[in-house]
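Visitor: Give me a 3D structure for the following:
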Amino acid sequence: MAQERFPVVWLSKAAVVTLPVEIDIANADLIREDLLSILNRGAATLIVDMGGTTFCDSAGVSALVRAHKRAAANGSEMRLVVSAPAVQRILDITGVGRLMDIYPSVAASLGGADQAGPDEKGSPPYDGYHAALADPDDKAAQPG
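Guide: Coordinates of the predicted model:
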């Protein structure tokens, strides 16, 4: 089985892949290959975390669109996490913003965990994604 080049956390049948700060012609093919590989491994939901991405060119947009087409063909769902205005703008201009659901955070893409706010002790709400990142040896975070 191929090893992805970008960090992936599995939460049951959902996969969260974190993309780099810049997505351009230099890495778009690698991103496309990783996204397709994750979908081929059975992800029912693919969450593409572009929360740290500040630049995405047309090659990156093309990689996202091709992965979205594969997700649709597989009966899977693909969600984007975008926080940079420049990235949001390119997705809006190209129509990707109408093609895929875009969320402000990974927690929101997983079902609104960050909408709940901190508990009365000031702790952020639990979400399995960040828990899995904290303990990479946790078997619950592995595909299966």
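
Visitor: Residues touching stretch 71-89, excluding its own?
Guide: The contact list for stretch 71-89, computed with C-beta atoms under 8 Å, 6 or more residues apart in numbering, reads 39, 43-56, 64, 67-68, 91, 96-97, 100-106, 108-109. (Each C-beta comes from the backbone N, C-alpha and C, glycine too.)

Visitor: Tell me the buried residues within those.
Guide: The neighbour-count test (16 or more other C-beta atoms under 10 Å) applied to the contacts of stretch 71-89 identifies 39, 43, 45-51, 53, 56, 64, 67-68, 91, 96-97, 100, 102-103, 105-106, 108-109 as buried.

Visitor: Counting only helices, which of those make the cut?
Guide: Among these, the residues falling in helices (DSSP state H) are 39, 64, 67-68, 91, 96-97, 106, 108-109.

Visitor: Check which helix or strand residue 35 maps to.
Guide: Assigned by DSSP states H and E, residue 35 belongs to helix 28-40.

Visitor: and the residue nearest the centre of the chain, what is it in contact with?
Guide: By C-alpha atoms, centre = their mean, the mean C-alpha position of the chain lies nearest to residue 48, the distance being 1.5 Å. Residue 48 makes contact with 17, 19, 35, 64, 67, 78-81, according to C-beta under 8 Å, 6+ apart.

Visitor: Any of these buried? List them.
Guide: Buried subset of the contacts of residue 48 (neighbour count, 16+ other C-beta under 10 Å): 17, 19, 35, 64, 67, 78-81.

Visitor: how many neighbours does the residue nearest to residue 36 when sequence neighbours are not counted have?
Guide: Spatial nearest neighbour of residue 36, chain neighbours left out: residue 70 (5.5 Å); criterion: C-beta to C-beta, 6 or more residues apart in numbering. Other residues near residue 70 number 18, with proximity taken as other C-beta atoms under 10 Å.
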